[in-house]
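# predicted model and sequence below, questions to follow.
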Amino acid sequence: EAAVTQSPRNKVAVTGGKVTLSCNQTNNHNNMYWYRQDTGHGLRLIHYSYGAGSTEKGDIPDGYKASRPSQENFSLILELATPSQTSVYFCASGDSWGGVGQNTLYFGAGTRLSVL
Amino acid sequence: GDSVTQTEGQVALSEEDFLTIHCNYSASGYPALFWYVQYPGEGPQFLFRASRDKEKGSSRGFEATYDKGTTSFHLRKASVQESDSAVYYCALGDRGNSGTYQRFGTGTKLQVVP
């Protein structure tokens, strides 16, 4: 069964500290994504990747970096965490079904991040 | 840029009621449209998609029809159950300079009481 695993599941960080959120997928999907979920905003795309070594900016990339060292792993990095980055973060992998923009996303269970 | 709008933030129904959650999109061409469902403590799960005008997507008793004329993809279910209580997201498939991604609406929380 398709699996996307996020770690840690919960994280408390201090303002100005560095935070790394990790994501591993066993789906062998080329595409991977990082979204954040906030009340009133739904899911917003931070960064995405279409293959190992690639990262692309999404709609809200400021303050975040991403790294895709392998097909299976995709990390989200907050170099200088701020309280405004307190949120729930979801990683997803995407299959290659159909044409452009038609692929199904498979989400992990999320990471709850609090920046104090 | 392309976007989807969900007008209801929350919907409260009784079991066996008819459900409609509205989703309208703004995009050129024929973007793929999706519905996802999220249960408490979990990530969103794919429900179904449609990619052509008048195409109907369906799963688990839920359905939606792609309507290019009204730029809509409303989610409907004839008779909801308490187990349908969840957050429902409408999404639109889009393409960047490289790769493909989805943009999500703000979500609609459905609460079904027995």
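Right, received. Where do you want to start? Numbers count the residues shown, from 1 in each chain, chains lettered A, B, ... in the order given.
# how about residue 64, what does it touch?
Assuming you mean chain A. When contacts are counted by CB atoms under 8 Å, 6 or more residues apart in numbering or on different chains, A:Tyr64 is found next to A:34, A:46-47, A:76-78, A:85. C-beta: built from backbone N, CA, C; applies to glycine.
# let me rephrase: I mean chain B.
So B:Ala64 contacts B:23, B:33, B:35, B:48, B:50, B:56-58, B:73-76 (CB under 8 Å, 6+ apart).
# which of the contacts of A:Tyr64 sits closest to B:Gly96?
Using CB to CB, A:His47 comes nearest to B:Gly96 of those, at 10.6 Å.
# are we agreed that the closest one is in a helix?
No - according to DSSP: H, G, I helix; E, B strand; the rest coil, A:His47 belongs to no helix; its state is strand.
# tell me what it is bridged to.
With DSSP bridges as the criterion, A:His47 is bridged to A:Trp34, A:Lys57.
# count of neighbours near the closest residue in space to A:Asn28 that isn't next to it in sequence?
Spatial nearest neighbour of A:Asn28, excluding adjacent residues (CB to CB, 6 or more residues apart in numbering or on different chains): A:Gln71 at 6.7 Å. By the measure other CB atoms under 10 Å in any protein chain shown, the count of residues near A:Gln71 is 17.
# what do you get for B:Val37?
Neighbour count of B:Val37, defined by other CB under 10 Å: 19.
# and for B:Val11?
A count of nearby residues for B:Val11, using other CB under 10 Å, gives 17.
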